[in-house]
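>>> Below is the sequence, then the predicted model.
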Amino acid sequence: MEEYVNIGKLDIDKYKDITDKQITTTEVIITYKQIKHINEKEERNFSKYESKLKSIIENPDYIIKDTKHKDTGLVVKKFDSNIIVVIKLETADMTKKNSIITIWEIKDKRLERYLLTHKTVYKKE
């Protein structure tokens, strides 16, 4: 049995400015360990977001460079609320995949602060 769920594929051109290294794969996964982590957080439930993940990764509204974690981005998509998916990009070798770390929702005001204080590497036209 695989230890992860395949979510979809990212467009390297949209994500490339998160890192100064070459992104080595387009495949995006989430491990069962991270699903458990998401489910343990207050007011979070992986199944609430699961059907939206492919759309978030493949058709984001914003991609913001994470200032605290190397090769990591905050991928934002607006549905009824703003959903942020934190994704760690694979830049080292082809045996690994781009991996979702966590998911959460934020209000418009907090998203505006992120957009002002962090580097936006992609904005949907």
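Happy to help now that I have it. Numbers count the residues shown, from 1 in each chain.
>>> What mean pLDDT does the longest strand along the chain get?
Longest among the strand segments of the chain by residue count, using DSSP state E, is strand 98-106. The average pLDDT within strand 98-106 is 92.
>>> Tell me which other helices or strands the helix or strand following that strand touches.
Sequence-wise, the next helix or strand downstream of strand 98-106 (DSSP states H and E) is helix 108-117. Contacts defined by 3 or more C-beta pairs under 8 Å, 6 or more residues apart in numbering; DSSP states H and E place helix 108-117 against strand 62-65, strand 72-78, strand 82-88. No exception for glycine: its C-beta is placed from N, CA and C like everyone else's.
>>> now the first one: how far from the chain's centre is it?
Read that as strand 62-65. 9 Å (C-alpha atoms, centre = their mean, to the nearest Å).
>>> contacts for it?
Residues from elsewhere that reach strand 62-65 (C-beta atoms under 8 Å, 6 or more residues apart in numbering): 14-15, 17-18, 72-76, 111, 114-115, 118-124.
>>> List the neighbouring strands of it plus their orientation.
Using DSSP bridges, the strands paired with strand 62-65 are strand 72-78 (antiparallel), strand 120-123 (antiparallel).
>>> What of the last one?
The partner list of strand 82-88 in its sheet, established with DSSP bridges, is strand 72-78 (antiparallel), strand 98-106 (antiparallel).
>>> taking those strands together, which one is wrapped up most tightly?
Ranked by mean neighbour count, these are led by strand 72-78 with a mean of 22 (mean count of other C-beta atoms under 10 Å).
>>> Need the strands paired with strand 62-65 in JSON lines (columns: mean pLDDT and distance to Thr31).
Shown next, in JSON lines, are the strands paired with strand 62-65 (pLDDT from 0 to 100; distance: least, C-beta to C-beta, whole Å):
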{"stretch": "strand 72-78", "mean pLDDT": "95", "distance to Thr31": "15"}
{"stretch": "strand 120-123", "mean pLDDT": "97", "distance to Thr31": "24"}
